[in-house]
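J.: The amino acid sequence is not available; the structure is as follows:
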């Protein structure tokens, strides 16, 4: 059954009901299997009926043969010998009774009448003989001179039913298995639009909040998909408004902060006796400026998507050397050694964004490490992935707090350093855009902190 609905006009899909499709699928498959099972049952019943009637014909010939012999009880016809080697499904026994005496009978019939004193001229009766159930038919002659009593064990009838059940058991089980498999297949196909809609919704992220298409959706699912599309649109609008506000606020704050810093610097020169308070004010302005810059960077990074990010093969050795040169003055001022161990030639990445990420990592390492520490950038291949690691031997971060380091505005207390708490959030977002993972571990020689950026293999 096709999953794509018929078209009415143009590209507008015709609405169809998933409930009706499922109903017709179940009815259709059940009807087909019912017809198949009926055909098999008729075929088996036909064969079994033919066997029963053929056996009845044989029994009739045996009874006629016995009835035409002399009325001599010694000359009873032994039917088991007459039909030796052949199964007897009907197995009818008879007696000819005159004045309450059996004068003629088949070999397996009892010597006394099946039914004594039967009041009707003819009829059926159920009796027990030696603990076995018999079905007897009595027919008396019109002049009441003699009567014929014909009997059959109930077990013979049950044997026929058991044989019929044995013959039907395997076909019925096979048909049930076919019905289950066919129903599962058909129901899976009918329910495919639900799975497709669920998959389309599961792929949505903050980078892709476009509405899910209603084409090919059943009428039962359209209200749900429409409601979710409305929610996605409202969420996209809210995120866009948040990003726009953050970007606009950060952009507008840069100019007054820069102007304020210049004025404080000018006042510091004019009033040298207040140099220390003005320097503290300049530091506060610098932190505010750094926070604004980080907010603006996040506002620019959030709307980007990994599939639209431009990448190129970047030679790591000169790239990292240039990065260290920009931090050499700060490292020398704090007495911290910077080292590079590049065991990879190049990595596919966006050099501008990766420079921002690594600059944030180096800034953190240089700011939080005490004097005479070591900061090392290592590039290597590990477990099929390409890794850039920035490690130090400073005070480090407790293991239980490492998973929160990339949360926005989270800062480790007691470090003694001022910061915005956004640096590692920027690093995480840049890693996501590259399809890389951000993780943390112990630093050099088991001390300090190590930040790992693991890129997928090329």
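T.: Perfect, thanks for sending it. Because the structure is a prediction, the values reported are computed rather than measured.
J.: where does the stretch 251-400 of the chain have low pLDDT?
T.: 251-254, 283, 286-287, 290-305 (pLDDT under 70).
J.: all strands for it, in order.
T.: If you assign secondary structure with DSSP state E, counting those that start in this stretch, the strands in the stretch 251-400 of the chain sit at 312-315, 337-342, 346-349, 374-382, 385-392.
J.: Tell me which of the ones you listed lies nearest to residue 430.
T.: Closest to residue 430 of those, according to C-beta to C-beta: strand 346-349, at 9.1 Å. Heads up, the C-betas are built off the backbone N, CA and C, glycines and all.
J.: what lines up beside the closest one in the sheet?
T.: When pairing is defined by DSSP bridges, strand 346-349 lines up against strand 312-315 (antiparallel).
J.: my read: residue 402 touches residue 438, true?
T.: No: contact status for residue 402 versus residue 438: not in contact, 10.8 Å apart, counting by C-beta atoms under 8 Å.
J.: circling back to that earlier point, what's the most buried one of the strands of the stretch 251-400 of the chain?
T.: strand 385-392 (a mean of 22; mean count of other C-beta atoms under 10 Å).
J.: tell me the angle that one makes with strand 337-342.
T.: Relative orientation of strand 385-392 and strand 337-342, computed by axes from the mean of the first three to the mean of the last three C-alpha atoms, to 10 degrees: 170 degrees.
J.: Packing partners of strand 385-392?
T.: helix 351-368, strand 374-382, strand 449-455 (3 or more C-beta pairs under 8 Å, 6 or more residues apart in numbering; DSSP states H and E).
J.: if we go to 6 Å?
T.: Packed against strand 385-392 by the contact rule (3 or more C-beta pairs under 6 Å, 6 or more residues apart in numbering; DSSP states H and E) you find strand 374-382, strand 449-455.
J.: nearest to residue 180, of the ones you listed?
T.: Going by C-beta to C-beta, the one of these nearest residue 180 is strand 449-455, 46.4 Å.
J.: Adjacent strands (with direction) for the closest one?
T.: Counting by DSSP bridges, strand 449-455 is paired with strand 385-392 (antiparallel), strand 437-442 (antiparallel).
J.: Would you pull up how far it lies from the middle of the chain?
T.: Relative to its parent chain, strand 449-455 has a centroid offset of 33 Å by C-alpha atoms, centre = their mean, to the nearest Å.
J.: now it: mean pLDDT?
T.: Across strand 449-455, pLDDT averages out at 91.
J.: One more: stretch 135-154?
T.: What stretch 135-154 shows for mean pLDDT is 83.
J.: distance between the ends of that stretch?
T.: End-to-end distance of stretch 135-154 (C-alpha to C-alpha, to the nearest Å): 6 Å.
J.: Then stretch 433-452?
T.: 15 Å.
J.: So what's the residue count around residue 437?
T.: 15 (other C-beta atoms under 10 Å).
J.: hmm, I was thinking of residue 344
T.: A count of nearby residues for residue 344, using other C-beta under 10 Å, gives 16.
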